[in-house]
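S.K.: generate a structure from the sequence data that follows.
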Amino acid sequence: MVALLFPAALAALLALAVPLLIHLARRSEARPTDFAALEWLREKPRPKSRLRFDDLLLLALRLLLITGLALWLARPVLTESADRTPVVTAVPGVDAGPPAAPKRNIWLAPGFPPGDEPQPSCLAQACPPLFSLIRQLDAELPPDVPLTLIVPERLAGLDAERPRLSRAVTWKIVPGAMPASAAPPLRLHFILPAGSDPGLRYLRAAASALQSPGTPTQTIIVHIAAGPLPAHLRAAVTEGATVLAAPGVTAAGVATPIWHDTDGQPLATMQRIGRGYLYRFTRRLDPAAMPILLDPDFPRQLAAMLAPPPPPGRAMARDVAPITGAPPWPVPARDLQPWLALAIAALFAAERWLATRRRRAVSP
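M.R.: So this is what the prediction gives:
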């Protein structure tokens, strides 16, 4: 259905009278000429003149051109033109099975790529939370389009509210889990005293593995010298900085173990000081005392420990199925102005060609 956003612009159709008046005023360029042989003929009554337009095709083009301009100003849109094919969407990482024709298969990822494309990955870019994508898809689909969501048994990237949609969805749970998110990039700023600990090379290697060109990084201050935490570093932590310290560094307060080895023994502790954090290893940086230094997964685990604690975002899929009750979203309308502009340009070109062609004796 075609609708007009600014119907008052149709008042421009009054300009249709202009080409009509021009063609009427200039419909004939003939001038009367007296002939001597006809001077003595009896005068006969002249026939009544009839309303007649010359060059009807040119007149029609000019009328269409003005009509098109008036419609363009009125902003025509096409409503209820969205695709109403049932939609099946799957979380990247799950086996969605073969495409279910005649349904439309898409991935539950930014941009909702078609299901026949390779599975999108969120490890190299920051992806929106899962529930945000579900709400966005619900808003973009027409109200009466059936929706099927294929999700793994364990979900990640959730928020605090169960999604309330405008439609009832088919919540299909398949075996599997969402892929783990990439470790956050970080940059270690080392404060090196004389005779630095040789174990620092493991931290340098981890920092190099986690850096990503062009990606904002989190700066961590690494302080290795034993003894009380220096006053300037304690002031920096109080203002919001993060310090990673060696086991011999001491600071007033209670520290909480946050990183454990496979035997459940603590590897590092965290202490909140003001607005910042003080992290301390519980063992010296030596593979003999801390074998995880040689683990290929050490950089990611280190970054996960130093990253700000994320809000709870994991749950079993059976416990967070979407519910209905939200009002339906309005169906987006398709703007017809660009197509109408092309038609107006074609009409203008045809009108100029007819008005200036050589075989026309007089151009109205």
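
S.K.: what segments of the stretch 151-300 of the chain are helices?
M.R.: For the stretch 151-300 of the chain, the helices defined by DSSP state H, counting those that start in this stretch cover 200-210, 231-238, 298-306.

S.K.: can you redo the ones you listed as TSV with mean pLDDT and mean neighbour count?
M.R.: Where you see a C-beta, it was placed from the backbone N, CA and C, and this is true even at glycine. Putting the helices of the stretch 151-300 of the chain into TSV (pLDDT from 0 to 100; neighbours: other CB atoms under 10 Å) gives the following:
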stretch	mean pLDDT	mean neighbour count
helix 200-210	82	17
helix 231-238	90	15
helix 298-306	84	19
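
S.K.: show me the one of those that comes nearest residue 141.
M.R.: Nearest to residue 141, of all the helices of the stretch 151-300 of the chain, is helix 298-306, at 36.0 Å by CB to CB.

S.K.: one step back: redo the helices of the stretch 151-300 of the chain as a markdown table? Include distance to residue 264.
M.R.: A markdown table is the format used below for these (distance: least, CB to CB, whole Å):
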| stretch | distance to residue 264 |
| --- | --- |
| helix 200-210 | 22 |
| helix 231-238 | 28 |
| helix 298-306 | 15 |
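
S.K.: between these, which gets nearest to residue 63?
M.R.: Relative to residue 63, the nearest member of those by CB to CB is helix 200-210, separated by 68.9 Å.

S.K.: chain center to the closest one, what's the gap?
M.R.: For helix 200-210, the gap between its own C-alpha mean and the chain's C-alpha mean amounts to 35 Å (CA atoms, centre = their mean, to the nearest Å).

S.K.: could you measure from the closest residue in space to residue 5 that isn't next to it in sequence over to residue 235?
M.R.: Closest residue to residue 5 in three dimensions, ignoring its sequence neighbours and counting by CB to CB, 6 or more residues apart in numbering: residue 75, at 3.7 Å. Remark: distance between residue 75 and residue 235 (CB to CB, to the nearest Å) = 60 Å.

S.K.: now the residue nearest to residue 341 when sequence neighbours are not counted: phi and psi?
M.R.: Ranked by CB to CB, 6+ apart and with sequence neighbours excluded, the top spatial neighbour of residue 341 is residue 72, at 6.4 Å. Per-residue torsions, residue 72: phi -60, psi -40 (degrees, to the nearest 10).

S.K.: am I right that residue 72 is in contact with residue 340?
M.R.: Yes: with contact taken as CB atoms under 8 Å, residue 72 and residue 340 are classed as touching, separated by 5.0 Å.

S.K.: next one: the residue nearest to residue 5 from residue 175, what distance?
M.R.: For residue 75, the distance to residue 175 equals 51 Å [CB to CB].

S.K.: neighbour count for these two, which is higher?
M.R.: A count of neighbours by other CB atoms under 10 Å puts residue 75 above the other of residue 75 and residue 175, at 17 against 9.

S.K.: wait, isn't that one in contact with residue 337?
M.R.: Yes: the pair residue 75 and residue 337 passes the contact test of CB under 8 Å, sitting 6.3 Å apart.

S.K.: and the closest residue to residue 12 other than its chain neighbours, helix, strand or coil?
M.R.: Closest residue to residue 12 in three dimensions, ignoring its sequence neighbours and counting by CB to CB, 6+ apart: residue 70, at 3.9 Å. Reducing the assignment at residue 70 to three states with DSSP: H, G, I helix; E, B strand; the rest coil gives helix.

S.K.: quick one: contacts for residue 70?
M.R.: Residue 70 sits next to 9, 10, 11, 12, 13, 15 when contact means CB atoms under 8 Å, 6 or more residues apart in numbering.

S.K.: need those residues in JSON lines with neighbour count and secondary structure, can you?
M.R.: Formatted as JSON lines, those follow (neighbours: other CB atoms under 10 Å; DSSP: H, G, I helix; E, B strand; the rest coil):
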{"residue": "9", "neighbour count": "16", "secondary structure": "helix"}
{"residue": "10", "neighbour count": "14", "secondary structure": "helix"}
{"residue": "11", "neighbour count": "11", "secondary structure": "helix"}
{"residue": "12", "neighbour count": "16", "secondary structure": "helix"}
{"residue": "13", "neighbour count": "15", "secondary structure": "helix"}
{"residue": "15", "neighbour count": "13", "secondary structure": "helix"}
